[in-house]
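Chemist: Give me the fold of what follows.
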Amino acid sequence: MSNWENKNTKELCTALLLLSTEKEAMQFLRDLLTEPEIIEFGSRFKVAKELNKGKSQRKVAAETGVSIATVTRVNQWLKRGMGGYKLILDKLHNLETKSPLIMKPTP
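Modeler: Reported below is the predicted structural model:
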């Protein structure tokens, strides 16, 4: 077991699985993280989505305003990580394909 895989992180993952709505997720994230951290994670996820579409790292960096170092790191995780980005991007794609209206974020 690696350092980040411990009782606390496993309980965090269990807590995430208990969230059932976007509102619940937003409430939990806002209590757990600072606003800049939430924004950073959202940016990384956007980078992963754009890279997964086949866009170049430089184009993604320019479009998102995320540093090329972060874009490169996300690209490495996307291609050679634990498969988490691919897993969720595939699930989101399947959800969008089945019901595009579900994916509209709430204002």
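Chemist: Does the residue nearest to Gly84 when sequence neighbours are not counted lie in a helix or a strand, and which?
Modeler: Nearest residue to Gly84, sequence neighbours excluded (C-beta to C-beta, 6 or more residues apart in numbering): Trp77, at 7.7 Å. Quick note: C-beta positions are derived from backbone N, CA and C, even for glycine. Following DSSP states H and E, one finds Trp77 within helix 68-80.
Chemist: Do a quick rundown of the helices in the chain.
Modeler: Ranges of helices within the chain are 7-18, 22-32, 35-52, 57-64, 68-80, 84-98, based on DSSP state H.
Chemist: Output these as TSV; include the columns mean pLDDT and mean neighbour count.
Modeler: As requested, the helices of the chain are exported to TSV (pLDDT from 0 to 100; neighbours: other C-beta atoms under 10 Å):
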stretch	mean pLDDT	mean neighbour count
helix 7-18	96	10
helix 22-32	97	12
helix 35-52	97	16
helix 57-64	98	16
helix 68-80	97	15
helix 84-98	93	12
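Chemist: For Gln76, see how far away Ala89 is.
Modeler: One thing to correct before we go on: residue 89 is Leu, not Ala. Counting by C-beta to C-beta, to the nearest Å, the separation of Leu89 from Gln76 is 16 Å.
Chemist: cool, and Ser99?
Modeler: 32 Å.
Chemist: The nearest residue to Lys46 once chain neighbours are set aside and Ala48: what is the separation?
Modeler: Nearest non-adjacent residue to Lys46, counting by C-beta to C-beta, 6+ apart: Thr64, 5.7 Å away. Distance of Thr64 to Ala48, computed by C-beta to C-beta: 11 Å.
Chemist: Then Ile88?
Modeler: Taking C-beta to C-beta, one finds Ile88 at 9 Å from Ala48.
Chemist: now do Leu32
Modeler: According to C-beta to C-beta, Leu32 stands 20 Å off from Ala48.
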